[in-house]
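Chemist: The sequence isn't on hand, but the structure is:
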């Protein structure tokens with residue numbers, strides 16, 4: 001089918017539905033229905049504060065969904081993508097024991113089992129087959145929880161969605177787990193063009209074997225739905241006939257798929273009701289809720305999150321209150337699913353620059369994969385600005401800051417208009433500025449101090465902004481403002497003992513109705529990671545009004561050091577994606593087996609130079625890398641123990657682009673330099689050019705930098721990044 005006219009916004013709604021519902025279900029993952037009812041009652045809203053769990057946290061359901069889908073652009077966005085290529089994508093983006101998966105061990109975690117098969121050379125789909133891993137391991141829930149993206153890239157084409165979902169699922173799963181994933185994928189693909197829930201379920205059933213257990217179970221649930229008319233009664237029958245006690249393993253597909261179908265049938269297309277049912281039922285709540293949320297998000301679009309458009313209360317549900325803002329039930333007025341989340345998401349992978357992200361950014365990644373599969377050019381709102389706000393309600397992680405001098409002074413919302421480059425903007429309302437107050441809003445560019453502990457799944461990340469890059473923003477003042485307002489950009493970076501340091505950027509006085517384009521070269525931070533950027537408003541007289549942020553963007557090669565700042569603290573070490581056996585803060589980097597990497601930077605980096613001074617100790621290979629796109633995609637300049645220095649390209653295996661004779665001496669210091677510009681890659685050691693190559697075979701066009709160590713230890717004395725002609 002052709003791409004629907006509202007494709008981008010429906011994908012955005014699906015992504016929002018996924019992350020919102022995961023956050024809603026995460027705090028009581030694994031709980032029983034009985035335990036949930038005793039502690040909370042029906043789950044009609046976020047309960048994270050009651051159990052002291054952060055609302056925004058890394059989770060495998062979100063990370064895996066948007067990580068594994070990168071196989072498509074990495075392999076040219078072809079419909080013929082294979083399970084083997086998707087398996088290679090696992091190896092590229094997963095940092096063992098650290099990112100995306102539940103690393104529960106061989107035979108305990110299905111995904112960990114599959115990863116170990118891949119790591120030791122087995123090709124997918126054998127890595128996930130029943131023949132390899134046995135039926136119990138192969139039929140756990142994981143294939144289903146990661147599947148949504150494969151449907152969203154093929155709207156209205158359930159046959160292709162099922163094909164892609166099957167290939168992705170079989171990297172780690174088999175049997176009923178694959179059928180369950182394919183049902184979800186077919187439903188989601190059809191949800192772009194069909195609203196009837198029963199017809200959506202029919203679309204899933206039509207594409208799996210009619211005699212499989214998933215199909216028989218769905219038939220039972222539909223029958224019980226007609227007989228019972230009450231989701232609670234049907235839930236009891238599911239527990240009795242398809243409960244956890246009937247299947248082996250930690251988290252089997254069958255019971256959890258049953259709850260998804262239950263929520264869809266009884267939820268009748270209402271987001272709040274559907275998510276309430278699936279979460280209140282218990283078991284793998286974040287996983288089940290995430291799939292349901294994505295389905296209903298796609299089906300309803302963005303209006304489905306708006307409490308003003310909610311359906312009339314369902315007859316069986318007693319409305320406890322209709323007071324504005326009441327959260328005692330799923331249908332109370334004032335319910336706001338989107339506001340607390342503010343689009344925020346964390347996707348920790350070996351591509352650390354994509355960790356701190358937001359729902360609209362991820363939605364456009366999905367949209368442009370879908371457009372490529374349909375033979376269409378990509379969409380890049382506002383000339384590709386990182387923050388463009390081109391969707392109703394989108395704030396892309398921007399929040400008003402809370403502190404003694406800013407509390408209650410500002411609020412953010414999405415506004416139509418006030419944009420030269422598009423159709424929408426971020427509205428920043430302010431008031432009460434005269435008494436030493438500042439209205440300040442900002443967005444994270446790296447892990448905030450409270451995130452460093454990594455609640456939930458472990459976090460690895462790199463900053464998205466670096467010194468030397470050029471920031472561009474457009475700001476305008478509302479014509480009805482009470483008077484002129486001083487506006488300026490600011491950033492915060494880590495400093496001594498990891499305290500945040502604020503740096504003010506360019507400032508302009510905006511009269512009511514006036515606008516200004518800001519330009520700012522990010523200043524040096526002494527090697528410390530930048531945590532936040534934003535906009536602040538100040539006034540010497542009482543002021544109230546609004547300003548509008550049209551867009552905020554930055555680009556260009558960094559000019560910065562990345563190693564051991566002079567100030568005390570450890571935040572700088574967290575800016576490196578740690579894929580080595582041991583990273584010692586004094587500069588030692590150790591890899592016990594195979595090849596290890598410390599990675600920092602972003603996929604957007606294109607032409608630049610990386611330099612490092614390294615001293616290898618008992619290492620097979622040691623060096624630096626550029627345009628790093630994960631653990632299996634990069635250019636590297638490596639000192640090798642066999643007396644050679646090699647320029648290699650890692651892409652589905654290593655290929656030597658150039659080499660020279662150079663004896664690696666243990667404990668000696670080597671000044672290494674690697675430059676990438678266009679298709680040319682050039683390397684130097686101790687000031688002498690040792691390698692030069694032009695890569696015309698699937699060249700890597702952008703990516704981070706890395707330190708590379710293979711089976712040994714090296715001490716690193718300095719790392720820097722600068723322009724390609726440095």
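Modeler: Received it, and whenever you're ready, just let me know what you need. Please read all numbers here as calculations on a predicted model, not as lab measurements.
Chemist: now the helices: where do they sit in the stretch 51-200 of the chain?
Modeler: Per DSSP state H, counting those that start in this stretch, the stretch 51-200 of the chain carries helices over the ranges 60-68, 71-74, 83-93, 110-119, 130-133, 135-138, 142-145, 148-152, 158-169, 176-190, 197-205.
Chemist: Just give me how far the fifth one sits from the chain centre.
Modeler: Distance, stretch centre to chain centre, for helix 130-133: 31 Å (Cα atoms, centre = their mean, to the nearest Å).
Chemist: That helix: which residues count as buried?
Modeler: If you call a residue buried by 16 or more other Cβ atoms under 10 Å, then helix 130-133 has these buried ones: 130, 132, 133. (Each C-beta comes from the backbone N, C-alpha and C, glycine too.)
Chemist: OK, contacts around the residue nearest to residue 463 when sequence neighbours are not counted?
Modeler: Of all residues not flanking residue 463 in the chain, residue 446 sits nearest, at 4.0 Å (Cβ to Cβ, 6 or more residues apart in numbering). Residue 446 sits next to 356, 461, 462, 463, 464, 465, 529, 530, 531, 532, 575 when contact means Cβ atoms under 8 Å, 6 or more residues apart in numbering.
Chemist: Now flag whichever of these is closest to residue 432.
Modeler: residue 532 (22.7 Å; Cβ to Cβ).
Chemist: rewinding a little: mind putting the buried residues of helix 130-133 into TSV with pLDDT and distance to residue 340?
Modeler: Below are the buried residues of helix 130-133 laid out as TSV (pLDDT from 0 to 100; distance: Cβ to Cβ, whole Å):
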residue	pLDDT	distance to residue 340
130	97	42
132	97	43
133	97	39
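Chemist: Which strands and helices lie in contact with the longest helix belonging to the chain?
Modeler: With secondary structure taken from DSSP state H, the chain has its longest helix at helix 7-25. Applying 3 or more Cβ pairs under 8 Å, 6 or more residues apart in numbering; DSSP states H and E, we find helix 7-25 packed against helix 60-68, helix 148-152, helix 271-280, helix 285-300, helix 338-341, helix 359-373.
Chemist: and the ones you listed, which is most packed in?
Modeler: helix 148-152 (a mean of 31; mean count of other Cβ atoms under 10 Å).
Chemist: among the contacts of residue 446, which are in strands?
Modeler: 356, 530, 531, 532 (DSSP state E).
Chemist: residue contacts, the most centrally placed residue in the chain?
Modeler: Nearest residue to the geometric centre of the chain (Cα atoms, centre = their mean): residue 347, 3.1 Å. Applying Cβ under 8 Å, 6+ apart to residue 347 gives the contacts 58, 62, 63, 66, 67, 354, 355, 357, 362.
Chemist: Pick the most buried one from the helices of the stretch 51-200 of the chain.
Modeler: Comparing those by mean count of other Cβ under 10 Å gives helix 148-152 as most buried, with a mean of 31.
Chemist: contact partners of it?
Modeler: With Cβ under 8 Å, 6+ apart, helix 148-152 has contacts from 11, 14-15, 18, 65-66, 68-69, 158, 161, 164-165, 168, 184-189, 290-291, 294, 298, 366, 370.
Chemist: so where do the strands sit in the stretch 451-600 of the chain?
Modeler: 470-477, 485-494, 500-510, 515-521, 530-538, 544-555, 560-561, 577-579, 582-583, 588-600 (DSSP state E, counting those that start in this stretch).
Chemist: Same list (those) but as JSON lines, adding mean neighbour count, mean pLDDT and distance to residue 342.
Modeler: Listed next are these as JSON lines, based on neighbours: other Cβ atoms under 10 Å; pLDDT from 0 to 100; distance: least, Cβ to Cβ, whole Å:
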{"stretch": "strand 470-477", "mean neighbour count": "21", "mean pLDDT": "97", "distance to residue 342": "19"}
{"stretch": "strand 485-494", "mean neighbour count": "23", "mean pLDDT": "96", "distance to residue 342": "18"}
{"stretch": "strand 500-510", "mean neighbour count": "15", "mean pLDDT": "95", "distance to residue 342": "20"}
{"stretch": "strand 515-521", "mean neighbour count": "16", "mean pLDDT": "97", "distance to residue 342": "23"}
{"stretch": "strand 530-538", "mean neighbour count": "24", "mean pLDDT": "95", "distance to residue 342": "13"}
{"stretch": "strand 544-555", "mean neighbour count": "22", "mean pLDDT": "96", "distance to residue 342": "14"}
{"stretch": "strand 560-561", "mean neighbour count": "21", "mean pLDDT": "94", "distance to residue 342": "29"}
{"stretch": "strand 577-579", "mean neighbour count": "24", "mean pLDDT": "95", "distance to residue 342": "25"}
{"stretch": "strand 582-583", "mean neighbour count": "14", "mean pLDDT": "93", "distance to residue 342": "32"}
{"stretch": "strand 588-600", "mean neighbour count": "20", "mean pLDDT": "96", "distance to residue 342": "26"}
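Chemist: Could you point out which of the ones in strands among the contacts of residue 446 is nearest to residue 205?
Modeler: Distances from residue 205 to those, taken by Cβ to Cβ, are shortest for residue 356, at 39.5 Å.
Chemist: For the closest one, the count of nearby residues, please.
Modeler: Close neighbours of residue 356, defined as other Cβ atoms under 10 Å, add up to 26.
Chemist: Pretty sure it sits against residue 448.
Modeler: No: counting by Cβ atoms under 8 Å, residue 356 does not reach residue 448; the two are 9.1 Å apart.
Chemist: mind giving me the domain split of the chain?
Modeler: 7-341, 380-555, 576-722 (automatic domain parsing).
Chemist: could I get these as TSV with distance to residue 569?
Modeler: Output for the domains of the chain, formatted as TSV (distance: least, Cβ to Cβ, whole Å):
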stretch	distance to residue 569
domain 7-341	22
domain 380-555	4
domain 576-722	10
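Chemist: hey, which of the ones you listed is tucked in deepest?
Modeler: The stretch of the domains of the chain with the highest mean neighbour count (mean count of other Cβ under 10 Å) is domain 7-341, at a mean of 21.
Chemist: What is the end-to-end distance of that domain?
Modeler: Domain 7-341 has its terminal residues 22 Å apart, counting by Cα to Cα, to the nearest Å.
Chemist: from the chain's centre, how far out does that domain sit?
Modeler: 17 Å.
Chemist: try stretch 672-690
Modeler: So, by Cα atoms, centre = their mean, the centroid of stretch 672-690 is 33 Å from its chain's centroid.
Chemist: Span of it from start to end?
Modeler: OK, stretch 672-690 end separation, Cα to Cα: 10 Å.
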